[in-house]
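[1] Generate coordinates for the sequence data below:
(2 chains)
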Protein chains: 2
Amino acid sequence: MTYCVALKLKDGIICLSDTRTNAGVDNISKYKKMFTWEQPGDRVICMMTAGNLAITQAVISLLDENIERAEDGIETLYTAPTMFRVAEIVGDAMRIVMGRYGPGLSSAGESSASSIVVAGQRAGGAMRLFQVYSAGNFIEATEDTPYFQIGEHKYGKPILDRVITEETPLNMGVTAALLSMDSTLRSNLSVGMPLDLAVMRKDGIGFEQLRRIEEGDETFSQLSEAWSAALRGAFDQMVEIPV
Amino acid sequence: MTYCVALKLKDGIICLSDTRTNAGVDNISKYKKMFTWEQPGDRVICMMTAGNLAITQAVISLLDENIERAEDGIETLYTAPTMFRVAEIVGDAMRIVMGRYGPGLSSAGESSASSIVVAGQRAGGAMRLFQVYSAGNFIEATEDTPYFQIGEHKYGKPILDRVITEETPLNMGVTAALLSMDSTLRSNLSVGMPLDLAVMRKDGIGFEQLRRIEEGDETFSQLSEAWSAALRGAFDQMVEIPV
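    The predicted model follows:
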């Protein structure tokens, strides 16, 4: 499985993904699920993938190959005029790949279901956050629900539901994303370290942070332990309410 | 869906279930999923059900009908000498019902998957907590994992993983179960109020608490709000760790 979360806050967008892939519990591998494209000052794009690994890898490869074939007049991630058009290009690539492998997977009883979170900003445009489905269609995050989760999303949802609004400052958003990931890591073996974190500040048109958080990372471990302690502290306060 | 949680602590067993049943989001009903049998001083049994409602209702009805036919020499929930034997009787009833309806459901493409948590104590025996599967087989909670969850279990697992051990006092266990339910209620519409709560103290051989918590229940609302506030407070402390 996979867990990826993206928050679109008033100050910027945060993307966080794990790196575990499994075909059964006895076949676990490490794959990067975050992919980035950056032309500082012009555009910044971050994608995260979940679902059938062969499908999502093919979509990303197709997008990258098309960038190299840009002289053929194909519109690419680097030539698309808007983030909406970027989402359409990702959706088109998804449809092409699904058209090629979907029926075969389906007849073999395998799932081809895949999803891609597309986040970013084009100079002169607004920050946008999309979720592209297997059929290539997509939805956009709005202020009512300023985040998307793909993959193993349930464990990490309660913390987001309680603390995230569009007004949440960017640094608190990073903390919330990491705590949401921490809850998932603790409860589900199919989600695993290391993590990839990307932070795009509004109108920065570039990555303010783009880094890998390795197993045993001191800050993440400290955050995880402090959160456990704070939760237990919060829980201990609850005893005053007799039920 | 459903969410039921049972904790087996050193001081007793706690069972908590919701009451929402749905066949699609446009067909939502209220059904009790907790069933109890009590002969104070002799035995106390609490079951909670999840999965195909027709299957679990048939199992409970069969168990109850057999109690009335006890004179025919059938071993029942009220004559079984041990809790292990109770779990076997429940498993046998599950196998009979699944044998009758499982193939038809399967050929119609419907899920017959069901599970039943069986908790209780027989005078002279230990407290036992079992989870019975669709095939009638079952597992028992041990000190390593002193709880079972059935139904929509993911949202409410992180809190249990962090605060519950076998040593947790009974009142704190009730609080943890309610907070686990609260997290699930907030994140998933298919789990809904009211709740049914049962508390069996060790060697009490009877229900210390057996009550319904209605929508708007003052104590539960207070607990829910206090927990939200405490979580947000805990989250605010996290800002001291720059990530």
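
[2] make it CA atoms for all contacts and neighbour counts henceforth
    Noted.

[3] which residues are in contact with the lengthiest helix in chain A?
    Ranked by number of residues, the top helix in chain A under DSSP state H is helix A:83-107. For helix A:83-107, contacts defined as CA atoms under 8 Å, 6 or more residues apart in numbering or on different chains pick out A:55-56, A:58-59, A:62-63, A:75-77, A:80, A:111-112, A:118, A:120-122, A:125, A:127-128, A:130, A:132-138.

[4] Tell me the helix or strand right after that helix.
    strand A:114-122 (DSSP states H and E).

[5] list the helices and strands that next one packs on?
    If contacts are counted by 3 or more CA pairs under 8 Å, 6 or more residues apart in numbering or on different chains; DSSP states H and E, strand A:114-122 sits against strand A:43-51, helix A:53-68, helix A:83-107, strand A:128-132, strand A:147-151.

[6] Flag every residue of chain A that's near chain B.
    Counting by CA under 8 Å from any CA of the partner chain, the positions of chain A adjacent to chain B are A:154-158, A:161-163, A:171-172, A:174-176, A:183-184, A:186-187, A:219-220, A:222-223, A:226-228, A:230-232, A:234-235, A:238-239, A:241-243.

[7] Kindly recompute the last result at 6 Å.
    Within chain A, the positions adjacent to chain B are A:154, A:155, A:158, A:183, A:230, A:234 by CA under 6 Å from any CA of the partner chain.

[8] The strand or helix carrying the third one: which residues count as buried?
    Assigned by DSSP H and E, residue A:158 belongs to helix A:157-163. Across helix A:157-163, burial judged by 16 or more other CA atoms under 10 Å in any protein chain shown covers A:157, A:158, A:159, A:160, A:162, A:163.

[9] The third one - nearest residue in space that isn't next to it in sequence?
    Pointing back at residue A:159 there. residue A:180 (6.1 Å; CA to CA, 6 or more residues apart in numbering or on different chains).

[10] just the last one next, same as before
    When the adjacent residues along the chain are set aside, residue A:163 lies closest to residue B:232, with 6.5 Å between them (CA to CA, 6+ apart).

[11] what's the distance between the one you found and residue B:9?
    28 Å (CA to CA, to the nearest Å).

[12] ok, the two, which is more surrounded?
    More crowded of residue B:232 and residue B:9, by other CA atoms under 10 Å in any protein chain shown: residue B:9, with 23 against 16.

[13] where does chain A dip in pLDDT?
    For chain A, the stretches with pLDDT under 70 are A:240-243.

[14] Could you rerun that using 80?
    Scanning chain A for pLDDT under 80 picks out A:23-26, A:70-72, A:239-243.

[15] Show the subsequent helix or strand relative to the helix holding residue A:158.
    Next element after helix A:157-163 (DSSP H and E): helix A:170-187.

[16] Just want the angle from that next one to strand A:147-151.
    Using axes from the mean of the first three to the mean of the last three CA atoms, to 10 degrees, the inter-axis angle of helix A:170-187 relative to strand A:147-151 is 20 degrees.

[17] so what strands line up beside the next helix or strand after helix A:170-187?
    Using DSSP H and E, the helix or strand that follows helix A:170-187 in sequence is strand A:195-201. Applying DSSP bridges to the sheet, strand A:195-201 is found paired with strand A:12-17 (antiparallel), strand A:209-213 (antiparallel).

[18] quick one: buried residues of the first one?
    Just to be clear, that refers to strand A:12-17. A:12, A:13, A:14, A:15, A:16, A:17.

[19] contacts for it?
    Strand A:12-17 is contacted from outside by A:3-7, A:195-202, using CA atoms under 6 Å, 6 or more residues apart in numbering or on different chains.

[20] now swap in the shortest one and tell me
    Where contact means CA under 6 Å, 6+ apart, the residues beyond strand A:209-213 that reach it are A:194, A:195, A:196, A:197, A:198, A:199.

[21] Name the residues of that strand that come out as buried.
    Applying 16+ other CA under 10 Å to strand A:209-213 flags A:210, A:212, A:213 as buried.

[22] Would you mark the buried spots in the helix or strand that it is followed by?
    Scanning forward in sequence from strand A:209-213 by DSSP H and E, the next helix or strand is helix A:218-237. Under the neighbour-count criterion of 16+ other CA under 10 Å, helix A:218-237 has A:220, A:223, A:224, A:226, A:227, A:228, A:230, A:231, A:232, A:234, A:235 buried.

[23] Pull out the CA atoms of helix A:218-237 and give them to me as PDB.
    What follows is helix A:218-237, C-alpha atoms only, in PDB (Å, rounded to 0.1, in the frame of the first residue of the first chain):
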ATOM      1  CA  GLU A 218      16.000  12.800  14.600                       C
ATOM      2  CA  THR A 219      13.400  15.500  14.100                       C
ATOM      3  CA  PHE A 220      10.700  13.100  12.900                       C
ATOM      4  CA  SER A 221      11.500  10.700  15.800                       C
ATOM      5  CA  GLN A 222      11.300  13.600  18.200                       C
ATOM      6  CA  LEU A 223       8.000  14.700  16.800                       C
ATOM      7  CA  SER A 224       6.600  11.200  16.900                       C
ATOM      8  CA  GLU A 225       7.600  10.700  20.500                       C
ATOM      9  CA  ALA A 226       6.400  14.200  21.600                       C
ATOM     10  CA  TRP A 227       3.100  13.500  19.900                       C
ATOM     11  CA  SER A 228       2.700  10.200  21.700                       C
ATOM     12  CA  ALA A 229       3.500  11.800  25.000                       C
ATOM     13  CA  ALA A 230       1.100  14.700  24.300                       C
ATOM     14  CA  LEU A 231      -1.700  12.300  23.300                       C
ATOM     15  CA  ARG A 232      -1.200  10.200  26.400                       C
ATOM     16  CA  GLY A 233      -1.200  13.500  28.400                       C
ATOM     17  CA  ALA A 234      -4.400  14.600  26.700                       C
ATOM     18  CA  PHE A 235      -5.900  11.200  27.400                       C
ATOM     19  CA  ASP A 236      -5.000  11.300  31.000                       C
ATOM     20  CA  GLN A 237      -6.900  14.600  31.300                       C
END
